[in-house]
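Student: Sequence and predicted structure are below.
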Amino acid sequence: MTTEEMITRIRSILDEREAGFWSDAEVLNALNDAQDEVVNYCLFVFTSGGVDSRLPLLLTPLQQEVVYEAVTGLWVTLPEGFMYPVSVKCAISDGEEEKPCVFKSPGANHFYEEDNHWLKPGEKNLYCYITGGKLNFSTTINNGTVKMLYLKKADRITNENDCLLPDNASGAIIAAAASQLLEKDKQYEESGALYAMFTAKIEKLILL
């Protein structure tokens, strides 16, 4: 659904065809807040291990891959717009086999060599963690390769840029945006009903 179509639908719900009580900027801001709410809800389900821990379809347009080649050192810089890592594979030197990296908290040192089921017993774990805009590694990489699947931040909805999420997310986004806007007019009952509609829609979509 285009930005224009989403704005038209919201103004229909608000019973205001043109900017008046609610400015165009307010409607766009509400759309972006609603888009963020959809993304954050889906990300919460994914990171909590829900729905078999698979990436929700609503987030697939945000998935990107970055490949770092000829890497030497203990870290690489995260890509611009990075939001959340999905998976990392690393070859610690040229010609080495790629192996999955396990994500760990940088403070959980005693777990580092116990939890990587991809490696043979006795081998040193390959783990990574994120701090300060960097993807850090447990082992120094020497002219190796790093491949990362990650989720980028959703582009802002503008008059020129339509929502990047699938069309079936439009209903949930519109409901959440209209709910937020109605609070300004102190229409709390109508706002609550629309937010309940948003919740029902997003709970169904997350199962797809």
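Tutor: The structure has been received and is ready for your questions. Residues are numbered from 1 along each chain as shown.

Student: Go through the chain and flag its longest helix.
Tutor: Longest helix of the chain, by residue count under DSSP state H: helix 24-47.

Student: so what does that helix touch, helix or strand wise?
Tutor: Judged by 3 or more C-beta pairs under 8 Å, 6 or more residues apart in numbering; DSSP states H and E, helix 24-47 is in contact with helix 3-14, strand 82-91, helix 170-184, helix 188-205. No exception for glycine: its C-beta is placed from N, CA and C like everyone else's.

Student: for the chain, which spans come out with low pLDDT?
Tutor: Residue ranges of the chain with pLDDT under 70: 50-53, 106-125.

Student: Tell me which residue is most central in it.
Tutor: In the chain, the centroid-proximal residue (C-alpha atoms, centre = their mean) is L151; its distance is 5.0 Å.

Student: Run through the bridge partners of that one.
Tutor: Legend: beta-bridge partners of L151 under DSSP bridges are Q63, Y84.

Student: Tell me which residues touch the closest residue to M1 other than its chain neighbours, please.
Tutor: Spatial nearest neighbour of M1, excluding adjacent residues (C-beta to C-beta, 6 or more residues apart in numbering): S170 at 4.1 Å. Listed by C-beta atoms under 8 Å, 6 or more residues apart in numbering, the contact partners of S170 are M1, M6, C163.

Student: Touching, the first one and L165? I think so.
Tutor: No. With contacts defined as C-beta atoms under 8 Å, M1 does not count as touching L165, sitting 9.7 Å away.

Student: Counting neighbours, go ahead and name the busier of these two.
Tutor: L165 (25 against 18; other C-beta atoms under 10 Å).
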